[in-house]
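[1] Fold the following.
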Amino acid sequence: MNGETRTKAEETRERIMEAAEALFRRMGFPKTAVADIAAELGMSPANIYRFFPSKNAIVEAICQRTLAEVEERAWSIARERGPAGQRLERLFLEILAYHKENCLEEQRVHDIVMVAIELSWAAIRAHKDVVRTIVEVILRDGMQTGEFEPVPARETAELILRAMVCFTHPILIAQGLKDGEDLEAAAIASLRFQLRAVTPRS
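    Numbers count the residues shown, from 1 in each chain. Predicted coordinates for the structure are as follows:
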């Protein structure tokens with residue numbers, strides 16, 4: 001497959017994912033068939049199956065694309081200059097903002113997320129490892145500058161992620177929105193409380 005053919009195939013896959021996601025949100029995942037996706041794009045179902053073996057495979061690809069977008073934003077924040085504590089705040093607020101934009105409390109979106117979690121558990125576990133590594137990198141930066149105490153960085157990153165799960169998991173974020181919580185304020189307060197444990201006493 002030459003470069004031009006590969007690019008066209010990638011563009012077609014992207015169009016299929018975008019159309020499928022729009023239909024999942026509009027009609028609901030259970031009611032959307034591959035034939036509906038094909039009709040939306042003006043192509044045959046057989047053409048869809050050339051790129052994805054099933055409807056579930058489309059959801060899995062959408063999930064992996066979403067995770068890649070979150071990771072790209074997260075690494076961008078990790079590479080910035082400035083106090084480590086502020087970067088950690090920006091990191092969790094960015095993840096929260098992304099999921100608020102893309103995984104609202106609609107039941108149909110909830111269904112998509114649940115299917116994606118079931119199908120893409122290995123990808124989600126890998127994503128969690130990436131985010132933990134990013135938190136670890138920022139923590140180490142803070143230790144080098146004296147902003148944080150020298151602590152086991154990887155274990156501390158894991159503890160922080162566990163404590164911040166309600167601001168990074170789309171289902172829990174959706175529940176918080178439904179309950180009318182100020183998730184941004186709660187995320188900052190929670191993170192600052194945790195970081196006090198590794199901040200040197202003056």
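
[2] in the chain, which spans are helices?
    For the chain, applying DSSP state H gives helices covering 3-27, 34-41, 45-51, 55-78, 84-102, 107-119, 121-145, 153-163, 170-178, 183-195.

[3] CSV please, covering the ones you listed and showing mean pLDDT, mean neighbour count and distance to R201.
    Glycine gets a C-beta too; all of them are placed from N, C-alpha and C. Shown next, in CSV, are the helices of the chain (pLDDT from 0 to 100; neighbours: other C-beta atoms under 10 Å; distance: least, C-beta to C-beta, whole Å):
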stretch, mean pLDDT, mean neighbour count, distance to R201
helix 3-27, 86, 15, 49
helix 34-41, 96, 17, 58
helix 45-51, 96, 14, 58
helix 55-78, 91, 18, 27
helix 84-102, 93, 19, 15
helix 107-119, 74, 17, 41
helix 121-145, 93, 17, 15
helix 153-163, 97, 16, 17
helix 170-178, 85, 17, 33
helix 183-195, 97, 15, 13
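
[4] okay, those in a markdown table with distance to S202 next?
    Shown next, in a markdown table, are these (distance: least, C-beta to C-beta, whole Å):
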| stretch | distance to S202 |
| --- | --- |
| helix 3-27 | 50 |
| helix 34-41 | 59 |
| helix 45-51 | 59 |
| helix 55-78 | 27 |
| helix 84-102 | 15 |
| helix 107-119 | 43 |
| helix 121-145 | 15 |
| helix 153-163 | 21 |
| helix 170-178 | 34 |
| helix 183-195 | 14 |
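
[5] was I right about I62 contacting L23?
    No: I62 sits out of contact with L23 when judged by C-beta atoms under 8 Å, with a separation of 11.5 Å.

[6] nearest residue to N47 other than its sequence neighbours?
    Among residues not flanking N47 along the chain, A38 sits closest, at 6.7 Å (C-beta to C-beta, 6 or more residues apart in numbering).

[7] If you could redo that for L159, that was the one I meant.
    Nearest to L159 is Q194, by C-beta to C-beta, 6+ apart, at 7.6 Å.

[8] dump the residue contacts of the one you found.
    By C-beta atoms under 8 Å, 6 or more residues apart in numbering, Q194 lies in contact with 159-160, 163-164.
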